[in-house]
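*Asks:* Return atomic coordinates for the entry below.
(2 chains)
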Amino acid sequence: MEYTFASMDTSAAEGARFQPASDQSLLITFGQEISLIAHQHVMKLLRLLQIEPIAGIRNLHPAYCSLLVKFDGIRMGHDEVEAILRQYLERLEEVKLQEPRQVEIPVCYGGEYGPDLADVCVLHGMSPGQAIELHSSATYLVYFLGFVPGFAYLGGLPKALVTQRLATPRRTVPAGSVGMAGNQTGVYPFATPGGWRLLGRTPMPMFQTDRDELSFLSIGDHVRFRPISAERFAELEKLWP
Amino acid sequence: MAVIRVQEPGLFTTVQDLGREGFGPLGVSASGATDAISLRLGNRLVGNAQGAAGLEMTLLGGTFLFRDGGLVALTGSDFGATLDGKPLELWTSFETRPGQTLRMGPTRSGARCYLCVRGGIEVRPFLGSASTHILSGLGGHEGRALQKGDVVSIGPPSGGGLEWTGKSACPAEGVRKQKLSARALQGLEARKVLRVTPGPQSDWFPEAAQRMFYESRYRVAEESNRMGIRLEGAAIPELSGGKMISEGVSLGAVQVPDGGQPIILFVEQQTTGGYPKIANVISADLHSVGQLRPRDEIRFERVAWETARSLLREQEELLASEELIIE
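*Replies:* Have a look, this model is predicted:
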């Protein structure tokens, strides 16, 4: 029976919570924790809204288990936007997501590129080699891009590496820095302030305006980090100015 | 092509239009003018489409040589502007002749002054907008604030008819001296009492914390910028319950980080954030946030959703009204 087939996405619509975030935005939340199911709902709703845009909706901010929808408050109100989005939620089942891309990011761990690697090792009682092995053996999922252009929130950090963020954030974290905070890891695309623990750095540009795909990473990608030497870092840095 | 030579950039001067909406999925925030209303009005005074790019100056204005002249308007805060030494009026368009120098000093009122020129400031657009996004070094003039010696181009007069809602369909020809009406100036004045609606986590804050937030005066901190307005004042107690998961943040969200000093997220905001939000500045008051200077004192006042919406509607009606500009 088709009835059972549709049940999962009915729960997406039923479990969704709508809250006004401002007079021109609405926050849709799928559950109260980070989960693959919630992530799929976010991706599917985002995809559907990108394929079939709604007039008056100006912007979408996806996150772990929520989507912020910004709209033109002159044209529409929260109730109206919610009613339309509920119809979209009923149709999530028909959204086919592409197979996740498998991407690899070269990282030079430790030294000046990873100033927090030593501390992380002390905290967890492991050697730098073990920490690097752990960080580079996992496959991570891009839950969403946020914070700054091209910053990917990667989930799937091995439990043994889970570490609190720095008590005092750095005023500037160099572009390309690979950091972690809690059970998240990610790459800083730009030199920005940041409180994540820095393990290494990639020479790969994460956000570039002279290519079609501005951001190297996209929502839903599967990511692995590959350790490289400082010499290789220098070579690659020349290739990717 | 007509150009403006930057003789002194001022403290922090960037190219801004109304920003780039629609790229939240890439983590790109809209950016754009912090006081969008002043930019829109400046553009209208010189006959541009209201979203044309202008120069946004902050606290201390610059000195600009109009090599080829041009029709100009200054809007927003009073930076004591002079043209070849002669004082100029704000909110009034004026003709500059080739070789004339427009000079501005420190602000005498709010944080920002806009320089709009007929034809708009022309830069290579990034994601459909001329706005500078400082943090990522994208958009605007080379992705940065203007420096001494920079030369910025003035675009061709576009006619500006597209978004023009005033009395003439196409104000392009014969635009000379136009002035903003007193009624409009009064209606669009920057406020120090910011009206807010609840934030997504308002319920997480106990009543005592809410009362503290709404009854306290907050001082704008020096480190405030286009990303956020940091406030100093009564610390809102840390929350006991609720586990925050990073979520999308809206423009004007008032987030409460550890330590309890609120931050208003602004035009170059992070697109997502992990701090609870106690309130959100209403859209009709966002331009007032753009005029806040360090050490200004502000207060928050809670309004109903319906009030927020009608205030926005009234503001747009005023901006579209025929009596807005007097010739």
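*Asks:* what about residue B:298, is that helix, strand or coil?
*Replies:* Per DSSP: H, G, I helix; E, B strand; the rest coil, the local secondary structure of residue B:298 is strand.
*Asks:* And the strands in chain A?
*Replies:* Assigned by DSSP state E, chain A shows strands spanning A:16-22, A:25-30, A:57-62, A:66-71, A:102-109, A:140-145, A:152-155, A:170-173, A:177-181, A:184-187, A:192-194, A:197-201, A:222-227.
*Asks:* weakest of those by average pLDDT?
*Replies:* With a mean of 90, strand A:192-194 has the lowest mean pLDDT of the strands of chain A.
*Asks:* CSV for the strands of chain A, including mean neighbour count?
*Replies:* Bear in mind the C-beta positions are built from the backbone N, C-alpha and C, glycine included. Shown next, in CSV, are the strands of chain A (neighbours: other CB atoms under 10 Å in any protein chain shown):
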stretch, mean neighbour count
strand A:16-22, 21
strand A:25-30, 24
strand A:57-62, 23
strand A:66-71, 25
strand A:102-109, 19
strand A:140-145, 25
strand A:152-155, 24
strand A:170-173, 15
strand A:177-181, 23
strand A:184-187, 25
strand A:192-194, 19
strand A:197-201, 26
strand A:222-227, 18
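*Asks:* Can you report phi and psi for residue A:149?
*Replies:* The phi/psi pair for residue A:149 (degrees, to the nearest 10) reads phi -50, psi 120.
*Asks:* How many residues are close by it?
*Replies:* 25 (other CB atoms under 10 Å in any protein chain shown).
*Asks:* likewise residue B:64?
*Replies:* Per other CB under 10 Å, the neighbour tally for residue B:64 reads 28.
*Asks:* swap in residue B:258?
*Replies:* 9.
*Asks:* three-state assignment of the spatially closest residue to it that is not a sequence neighbour?
*Replies:* Once flanking residues are discounted, residue B:258 sits nearest to residue B:238: 6.8 Å by CB to CB, 6 or more residues apart in numbering or on different chains. Following three-state DSSP, we place residue B:238 in the coil state.
*Asks:* right, and residue B:238 touches residue B:275 too?
*Replies:* No. Judged on CB atoms under 8 Å, residue B:238 makes no contact with residue B:275 at a distance of 11.2 Å.
*Asks:* Between the two, tell me which one has more neighbours.
*Replies:* Each of residue B:238 and residue B:275 has its neighbours counted (other CB under 10 Å); residue B:275 has more, 18 against 12.
*Asks:* quick one: contacts for the more buried one?
*Replies:* Applying CB atoms under 8 Å, 6 or more residues apart in numbering or on different chains, we find residue B:275 in contact with B:244, B:255, B:256, B:257, B:263.
*Asks:* Chain A versus residue B:234, what's the distance?
*Replies:* According to CB to the nearest CB, to the nearest Å, residue B:234 and chain A sit 23 Å apart.
*Asks:* and that residue, what does it touch?
*Replies:* Residue B:234 sits next to B:212, B:213, B:216, B:218, B:260 when contact means CB under 8 Å, 6+ apart.
*Asks:* and the third one, how many neighbours does it have?
*Replies:* Okay, so that is residue B:216. Neighbours of residue B:216 (other CB under 10 Å): 16.
*Asks:* isn't it right up against residue B:231?
*Replies:* No. In this structure, residue B:216 is not within contact of residue B:231 by CB under 8 Å, at 9.4 Å.
*Asks:* hmm, back to that, adding distance to residue A:214, write the strands of chain A out as JSON lines.
*Replies:* Formatted as JSON lines, the strands of chain A follow (distance: least, CB to CB, whole Å):
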{"stretch": "strand A:16-22", "distance to residue A:214": "26"}
{"stretch": "strand A:25-30", "distance to residue A:214": "23"}
{"stretch": "strand A:57-62", "distance to residue A:214": "16"}
{"stretch": "strand A:66-71", "distance to residue A:214": "20"}
{"stretch": "strand A:102-109", "distance to residue A:214": "15"}
{"stretch": "strand A:140-145", "distance to residue A:214": "10"}
{"stretch": "strand A:152-155", "distance to residue A:214": "13"}
{"stretch": "strand A:170-173", "distance to residue A:214": "20"}
{"stretch": "strand A:177-181", "distance to residue A:214": "19"}
{"stretch": "strand A:184-187", "distance to residue A:214": "15"}
{"stretch": "strand A:192-194", "distance to residue A:214": "17"}
{"stretch": "strand A:197-201", "distance to residue A:214": "21"}
{"stretch": "strand A:222-227", "distance to residue A:214": "17"}
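*Asks:* Save those as JSON lines, and put in distance to chain B too.
*Replies:* Shown next, in JSON lines, are those (distance: least, CB to the nearest CB, whole Å):
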{"stretch": "strand A:16-22", "distance to chain B": "4"}
{"stretch": "strand A:25-30", "distance to chain B": "4"}
{"stretch": "strand A:57-62", "distance to chain B": "3"}
{"stretch": "strand A:66-71", "distance to chain B": "3"}
{"stretch": "strand A:102-109", "distance to chain B": "16"}
{"stretch": "strand A:140-145", "distance to chain B": "4"}
{"stretch": "strand A:152-155", "distance to chain B": "7"}
{"stretch": "strand A:170-173", "distance to chain B": "10"}
{"stretch": "strand A:177-181", "distance to chain B": "10"}
{"stretch": "strand A:184-187", "distance to chain B": "9"}
{"stretch": "strand A:192-194", "distance to chain B": "6"}
{"stretch": "strand A:197-201", "distance to chain B": "16"}
{"stretch": "strand A:222-227", "distance to chain B": "16"}
